[in-house]
Structures are given as structure tokens and as C-alpha cells.
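Trainee: make a model of this:
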Amino acid sequence: MKDLTVEQRAFVRALVSTNSVAEAARQADVAERTARRWMNLPAVQAALNAVHERVLDQVVEAVSAKLTQAVETLVSVMESEKASASARVSAAAVVVNALTRLAGYGSRREPPAEVSADVRELHALWERVRLEITEKEIG
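Mentor: Take a look at the predicted model:
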């Protein structure tokens, strides 16, 4: 934002928080027409893109942390001998289904060779748990 004037920086900050050019112009104390003209300036666009990238990075980081926590919870339920059989199978299914979608091999029984070792290991664990539970419940 070094290439921007003080007024333009104020406008960019306001625009990020309001998402309305008219409101951002009012908050930055500039004419709306001027603000709309600034929207076409490469420096203003670059500043907006930079802010949006930083926000997106923060959101991705926060979601990734929660996703990691969710997977760890599911894996602990899946591996817990105290959890019911249905809870273990459900947790395993959620983990495997999510990983298979991420790995891109959909509903195949076996992951393709190019899938990471972690995904293959989780798939094998899911199969073992599924077979073990099935044997216990069916006999």
C-alpha cells in the first residue's frame, strides 16, 4: 500500500470492512465518484488483492487447525476400545470418505498407487476396523 495516498489507504481499509464503495467513500471522507475512479487504479486493486489474500490465508489457517482437530478426534474415536462399535465405524467412515474425496479416487475399494502412504494406511485401518466390527456383529 506504499503506492497509495493517505486518502486511498483509508478508502481501501474502509472498503475491506464495508464491501460497499459508497460506504467506504463516506467513511474515508472522499467523494463516491473519486472512490469509483480509484477502484480502477492498479495500485488500489493490488492493495485490495493483498488484503484479501491475507484474510484468505488467515481463514485457511483457522479452518486447517479445526480440520486437524476434527480428524484427530475422529481417529481417537476410531481407535478407542471404549467407543461403541458403531461410533468407531462411523468415525472411520468419515475419515476414509473425506480422504478418498481429497485423494480423488471416489468409491474405489483400493486407493491407486499414487495416493500417499498416509491415505493408504488410513484406508487399510478402515478396512481392518470394518471387518473386525462386521465379524463381531455378524459372528
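Trainee: check the secondary structure at residue 30 for me.
Mentor: When classified by DSSP: H, G, I helix; E, B strand; the rest coil, residue 30 comes out as coil.
Trainee: ok, it to residue 39 distance?
Mentor: As judged by Cβ to Cβ, to the nearest Å, residue 30 and residue 39 stand 12 Å apart. In short, each C-beta sits where N, CA and C put it, glycine included.
Trainee: and these two? Which one has more around it.
Mentor: Using other Cβ atoms under 10 Å as the criterion, residue 30 and residue 39 rank with residue 30 on top: 19 against 16.
Trainee: how much space is there between residue 25 and residue 6?
Mentor: Residue 25 sits 15 Å away from residue 6, going by Cβ to Cβ.
Trainee: and the helices in the protein, which stretches?
Mentor: Secondary structure of the chain (DSSP state H): helices at 6-18, 21-28, 32-38, 42-79, 85-103, 117-138.
Trainee: what residues sit buried inside the longest one?
Mentor: Neighbour counts using 16 or more other Cβ atoms under 10 Å place 44, 47-48, 51, 71, 74, 77-78 of helix 42-79 among the buried residues.
Trainee: thinking again about what came up before, got a markdown table for the helices of the chain, with mean pLDDT too?
Mentor: Converted to a markdown table, these look like this (pLDDT from 0 to 100):
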| stretch | mean pLDDT |
| --- | --- |
| helix 6-18 | 90 |
| helix 21-28 | 95 |
| helix 32-38 | 97 |
| helix 42-79 | 80 |
| helix 85-103 | 74 |
| helix 117-138 | 59 |
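Trainee: if I pick the closest residue to residue 55 other than its chain neighbours, what's in contact with it?
Mentor: The shortest distance from residue 55 to any non-neighbouring residue, by Cβ to Cβ, 6 or more residues apart in numbering, is to residue 16 (7.7 Å). By Cβ atoms under 8 Å, 6 or more residues apart in numbering, the contact set of residue 16 is 48, 51-52, 55.
Trainee: and which of the residues you listed is nearest to residue 93?
Mentor: residue 55 (34.0 Å; Cβ to Cβ).
Trainee: lovely, talk soon.
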